[in-house]
Structures are given as C-alpha cells and as structure tokens.
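Student: from the sequence below, what's the structure:
(one chain, ligands or ions: 1)
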Amino acid sequence: MAMAPSSKPAKTTPHILLLPYPAQGHVNPFLRLAKAQHARGFHVTFVHTEHNHGRLLRSRGLGAVTGAADGFRFETIPDGLPRSEHDATQDIWALCEATRRACPAHLRELVERLGRTEGVPPVTCVIADGAMGFAVHAAKDMGLPAYLFFTPSACGFLCYLNFDQLVKRGYVPFKDESCFTNGYLDTPVDWITGMISNLRLRDFPTFIRTTDADDVMLTINIKQCELDAPAADGILLNTYDDLERAALDAIRERLPNTFVVGPLGPEVSPPSYLPFLTSSLWKEDGRCIAWLDAQAADGSVMYVNFGSITVMTRDQMVEFARGLADAGSPFLWVVRPDMVRDGGDDDGKVPVPDGFAEEVAGRGLMVGWCDQEAVLGHRATGGFLSHCGWNSTLESLCAGVPMLCWPFFSEQVTNCRYACEEWGVGVQMPREAGRGKVEAAVRELMGDGDKAVAMRRKAAEWKEKAVRAVAAGGSSQRDLERLVDEIAHVKG
Ligand code: UDX
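Tutor: Predicted structure coming up:
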C-alpha cells in the first residue's frame, strides 16, 4: 500500500470527515482507518469531542492531536454532556443520549466551516461511528454520502441486527427481575442465520438485559440497525472474512454494501506512519516494554488488561491479585486509575491491595495504561486475561496470543463465546472468579497441557490468516481499496 502522504490539498482532493464515538475502543480503530485513508491521498478531518481532545492533550502532549501532517487535521465538537458529568467515564448511557442530542447541529456547523476554510477542500464524505448513527441523516441533509463504521465484531453486530427479532418474538424485554438469575439467560437462540447454533440469550450484547421496553440502550441499538444502517451508503466492519465468514455473509444479505477492512492494526496502519498521531486517552507507562525485554523466556508473561470501560469491586480486584500471585507466572497487569470502584484517583496511581506490589516485586509489573499492541506483540507475552472488548480480542488474535475471558458488558459476552467456542483461543472465567479459579486458569493457559497447546496453535493460525487478509490481494485489502475507490468517485 502506498504510504506517501497526500500532497498539498487541491480543491478536488476527496475530503473524508471521520466521527468516532468518544470512547477508547472506538477512537482507536477510527484513527487507524483515518491513517490508511490519508496514506491513499485523501484529505482527512478527524473529529474528537472537546472533552477527549483535552484528555489527549494531557495523556500524550500536543503532538497527539495537533501534530502537523499535510492534509490530516483534527477538529472538535462538544459532546453535549454537562461538565460535571464528565468524570463519570463509564456512563456510556448518558454519553449516547447527549451525543445524539447535541452533535448533529455541531457536525453541520463544522462541515460548513470547513467548506469556508482557505486551503481546505470541501468535505466530500462522512464516515461516522455506528454508535453515532444520527450523523448519516445529518450528512444526507447536507447532500453528503455517509458511511457507518460499526466497531464491534461481526458476530456482535449480527446480534444487534437481531435485537428487533428478540423483541418481536417475546424474549425481550425480560418478564421480571427473576430472569437475571433463574436460568432464563441460558435460553437457546438457534434461529439466527450466520450465528453459531449453540448461542444463548446470555451471549447477546448485554443491552437486552432489561425489563423496560423503552430502555435507552435497547431502543438506541434497535434504531441504529433499523433506521441508521440502511440509510448509510455503506457499512464498515473491523474484522476479516476468514474469521467471521458466516456472520459476514448474513450481514451482507441485509446490508449489501458492507466493507470488511480489518484487522485495522499495524499491518494496515504501521506505527511508523504519522507516529505522532496517537489516540490513547490515558498516559502510557513507558516501563512495560523494557520490563518485557528483561523476561528471559518467550511466551512466559501473563498480560492482564480489562480495557477502557470495565470497572470492578475491590473484592474482585483482590481475588485477581491473589490468583495471579499464586499462579507463579510473571505478569504485567494494567489497572486503570478509575477501574476499581471506590478505588483509585486520577493521579495515575494503581489501586492495588496493601503490600501487594512489594510481594510481587520482580515478577509482576502493575501500571495504569500501556501500549497494548506493543505488549501483545512482544515475544515474552504468552497469555492475555481480557474483558474481550473487540479491539483487544482482535489485537490478541493478530498477535497469536490465547486468552482468558472475563467479559464485562456489551458485545464482549458475544466475543467471549466466539473466542471460546468457535475460534478455539479462549477459556471463559466465571463472573465471580475467586483466587483459586484465577490461579488454576492462569496455570492452565500458561502451561503445556493439551488444551493450552491447542489454543496456542489456533491463535497462531488466526494471526497468519489476519496477516493474509490485509496483505496485497487479501480480502480486507481488496475491500479497503473498493471503499477508497468508491469514496474517491463520489461527488460531494
Ligand atoms: C468496549 C467494547 O468492548 C468494544 O467491543 C466495543 O466495541 C467498544 O467498547 P473497550 O473497553 O474500550 O471497548 O475495549 P477494547 O475494544 O478492547 O478497546 C480498548 C483499546 O484500548 C484497544 O485498542 C487497546 O489496544 C487499547 N488499550 C487498552 C491500550 O492501548 N492500552 C491499555 O492499557 C488498554
């Protein structure tokens, strides 16, 4: 793929405006997509919310969001949340509501302002997050083509596409609170073409777990699939055909102009391309790679990271800590400062149990945030205890690293089911994973038993297939070129 940045923007240079949902797991794949498009000669405007722009400035310094690159600009819009609510980083419900209300008008103003800006070609296309589906209608009102990028897995997205069916067939909303505990979640759902046949209600994105027919997240997700996605000119997914063929075939039946462009990782957007444009909302701890370098044995380190939204109780944290310490493998554990409820503060200190850091000194490193792709790609990393966020799952597959799965919410439960049942790279941990279970699971994953060896072999196969998908002539590379070609020829 050509990696020459676009030359001086001409009036006719196609100009893509990218609008991710303002959360880490969305901003990351969007930035990778943006770089891939910039590398192909497009003018790119990447839109952050004002709040995240501020966080990026704090976490990475100015270069992260304002570094100069010909034809690559960052702009900001307000997310609509009152300032007092911004610290509630986990409140995706409030953020979804606020962005839907506030952002369409700001988006319109931004497109108009860019159209009046000297030296900037007019916006010719909008690529918005599936979770910002309103942008499709705002773009259409302005006469612009609009694409929706759904950042979850294809299996997760296919579940969302069937939320309306779950409602029509009477599975959702749940009859009453007892459904959360009485085995109702184990109800088989075997009628969705493209999904594994042993799917259960509990494997659906957790937004179906409500007794309220008007539940905000249930309603928003149905609307995104029923109204927003069909109105878009095309749908983008960050996965690859070999991994999710059946789900993708079913999605293409419903949404024929679907582009499968993943994994949007280092192969598509090498870290060396515009390296100063980064998207970590937390400050990365620079000690991780040197610590991994110092580990003598390849594949010996258990990497633990629950992503950007997961929260846990102090008790859960203590059980993980004890289990990890007792398992004996070296471990690198990322604990966000805001991960433990009533736990940390925002000064980057990791909220660990008293005395724990001293106890594991030398064989355990705990940090507040890391460069995850670099950690997963390191020769010393051998296992990943993960919440199964889609980016983490994909990054783990691409690095050939098997997983222990502890899903938290959303389609993480679907990803977990697929990782364990379909892709053969994961072992599910119980929700209340006591120290003994954690220790046993880590020992099994990092050991040489048949199951661990088979998972490592499967992970290596998925890695190879991922590399093939994005290489010249690969399925994702072809779809990326098709997208580029389609966008280059649309009339703004
Ligand atoms: C969640 C969902 O699980 C995801 O599937 C959904 O589509 C969006 O919301 P999140 O908790 O952010 O996402 O997890 P994940 O999707 O794995 O994304 C986290 C991203 O942050 C990954 O790209 C990961 O590499 C990066 N990260 C995480 C770091 O760079 N450093 C860290 O320490 C932790």
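
Student: can you count the residues close to the nearest residue to Y171 once chain neighbours are set aside?
Tutor: Excluding its sequence neighbours, the residue lying closest to Y171 (CB to CB, 6 or more residues apart in numbering) is L201, at 6.3 Å. (Each C-beta comes from the backbone N, C-alpha and C, glycine too.) Look at L201: counted by other CB atoms under 10 Å, it has 18 neighbours.

Student: L201 contacts V189, doesn't it?
Tutor: Yes - when contacts are counted by CB atoms under 8 Å, L201 is listed as touching V189 (6.0 Å).

Student: overlap of the contact sets of these two?
Tutor: With contacts taken as CB atoms under 8 Å, 6 or more residues apart in numbering, L201 and V189 have Y171 as neighbours in common.

Student: for A327, what are its contacts?
Tutor: By CB under 8 Å, 6+ apart, the neighbours of A327 are 302, 438-439, 442-443, 446.

Student: make it 6 Å
Tutor: By CB atoms under 6 Å, 6 or more residues apart in numbering, the contact list for A327 reads 439, 442-443.

Student: of these, which belong to helices?
Tutor: Assignment to helices by DSSP state H places the following of the contacts of A327 there: 439, 442-443.

Student: from these, which is closest to C388?
Tutor: C388 has its nearest neighbour among the ones in helices among the contacts of A327 in V442, at 16.6 Å by CB to CB.

Student: give me the number of residues near whichever residue of the stretch 1-150 of the chain sits closest to the ligand?
Tutor: When distances are taken as CB to the nearest ligand atom, the stretch 1-150 of the chain approaches the ligand most closely through G25, which lies 2.7 Å from it. By the other CB under 10 Å criterion, the neighbourhood of G25 contains 19 residues.

Student: what about it, distance to F306?
Tutor: Counting by CB to CB, to the nearest Å, the gap from G25 to F306 is 12 Å.

Student: hang on, the earlier thing: most neighbours among the ones in helices among the contacts of A327, please name it.
Tutor: The member of those that has the most neighbours, counting by other CB under 10 Å, is V442 with 24 neighbours.

Student: what about the stretch 51-200 of the chain, any weak spots by pLDDT?
Tutor: Confidence mapping of the stretch 51-200 of the chain against pLDDT under 70 gives the ranges 61-68, 84-90.

Student: how about the strands in it?
Tutor: Using DSSP state E, counting those that start in this stretch, the strands assigned to the stretch 51-200 of the chain run over residues 72-77, 125-129, 146-150.

Student: TSV please, covering those and showing mean neighbour count and distance to the ligand.
Tutor: Putting the strands of the stretch 51-200 of the chain into TSV (neighbours: other CB atoms under 10 Å; distance: least, CB to the nearest ligand atom, whole Å) gives the following:
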stretch	mean neighbour count	distance to the ligand
strand 72-77	19	19
strand 125-129	26	10
strand 146-150	25	8
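
Student: okay if I get these as JSON lines plus distance to A296?
Tutor: Formatted as JSON lines, the entries for those read as follows, by distance: least, CB to CB, whole Å:
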{"stretch": "strand 72-77", "distance to A296": "41"}
{"stretch": "strand 125-129", "distance to A296": "43"}
{"stretch": "strand 146-150", "distance to A296": "42"}
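
Student: of the ones you listed, which is nearest I251?
Tutor: strand 146-150 (9.3 Å).

Student: each with direction, which strands does that closest one pair with?
Tutor: Strand 146-150 has the following sheet partners, assigned by DSSP bridges: strand 125-129 (parallel), strand 234-237 (parallel).

Student: tell me the residue of the stretch 301-450 of the chain that sits nearest the ligand?
Tutor: Checking the stretch 301-450 of the chain residue by residue against the ligand with CB to the nearest ligand atom singles out G389 as nearest, at 2.3 Å.

Student: what sits against that residue?
Tutor: Going by CB under 6 Å, 6+ apart, G389 touches 25, 307, 412.

Student: for A361, which of the strands paired with strand 146-150 is the nearest?
Tutor: When those are compared by CB to CB, strand 125-129 sits nearest A361, at 41.7 Å.

Student: hang on, isn't A98 packed against P78?
Tutor: No - applying CB atoms under 6 Å as the test, A98 and P78 come out as separate, 9.0 Å apart.

Student: does T239 touch A154 like I think?
Tutor: Yes - with contact defined as CB under 6 Å, T239 counts as touching A154 (4.9 Å).

Student: report pLDDT for D345.
Tutor: According to the per-residue confidence, D345 scores 52 in pLDDT.

Student: ugh, wrong one, G362
Tutor: Reported pLDDT at G362 in the predicted model: 87.

Student: count of neighbours near it?
Tutor: 7.

Student: is it true that it lies in a helix?
Tutor: No - residue assignment for G362, taken from DSSP: H, G, I helix; E, B strand; the rest coil, gives coil, which places it outside any helix.

Student: assign L332 to helix, strand or coil.
Tutor: For L332, the assignment made with three-state DSSP gives strand.

Student: so who does it touch?
Tutor: Contacts for L332 were tallied using CB under 6 Å, 6+ apart; they are 301, 303, 365.

Student: could I get these as CSV with secondary structure, pLDDT and distance to the ligand?
Tutor: Formatted as CSV, these follow (DSSP: H, G, I helix; E, B strand; the rest coil; pLDDT from 0 to 100; distance: CB to the nearest ligand atom, whole Å):
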residue, secondary structure, pLDDT, distance to the ligand
V301, strand, 98, 15
Y303, strand, 98, 10
L365, strand, 95, 12
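
Student: tell me the one of those residues nearest F149?
Tutor: Using CB to CB, these come closest to F149 at Y303, 27.2 Å.

Student: returning to what we had before: who has more neighbours, A98 and P78?
Tutor: Per other CB under 10 Å, whichever of A98 and P78 has more neighbours is A98, with 19 against 14.

Student: what about the nearest residue to that one once chain neighbours are set aside, distance to D242?
Tutor: Counting by CB to CB, 6+ apart, A98 lies nearest to G80, which is 3.6 Å off, once chain neighbours are set aside. The span separating G80 from D242 equals 40 Å under the rule CB to CB.

Student: farthest residue from the center of this protein?
Tutor: E118 (35.1 Å; CA atoms, centre = their mean).

Student: so E284 makes contact with D371?
Tutor: Yes - taking contacts as CB under 6 Å, E284 lies within contact range of D371: 5.2 Å.

Student: near the ligand, which residues of the stretch 251-400 of the chain show up?
Tutor: For the stretch 251-400 of the chain, the residues found near the ligand under the criterion CB under 6 Å from any ligand atom are 280, 305, 307-309, 334, 369-373, 389-392, 395.

Student: quick one: the strands in the stretch 301-450 of the chain?
Tutor: So, for the stretch 301-450 of the chain - with DSSP E, counting those that start in this stretch - the strands run 301-305, 331-334, 364-367, 381-386, 403-405, 426-428.

Student: can you pull out the helices in the stretch 151-300 of the chain?
Tutor: Taking DSSP state H, counting those that start in this stretch as the criterion, the stretch 151-300 of the chain contains helices spanning 154-161, 163-168, 216-223, 229-231, 241-254, 287-293.

Student: how is the protein partitioned into domains?
Tutor: What the record gives for the chain is the domain set 15-279+471-489, 287-467, from automatic domain parsing.

Student: the closest residue to R200 other than its chain neighbours: neighbour count?
Tutor: Once flanking residues are discounted, R200 sits nearest to D186: 5.2 Å by CB to CB, 6+ apart. Neighbour count of D186, defined by other CB under 10 Å: 10.
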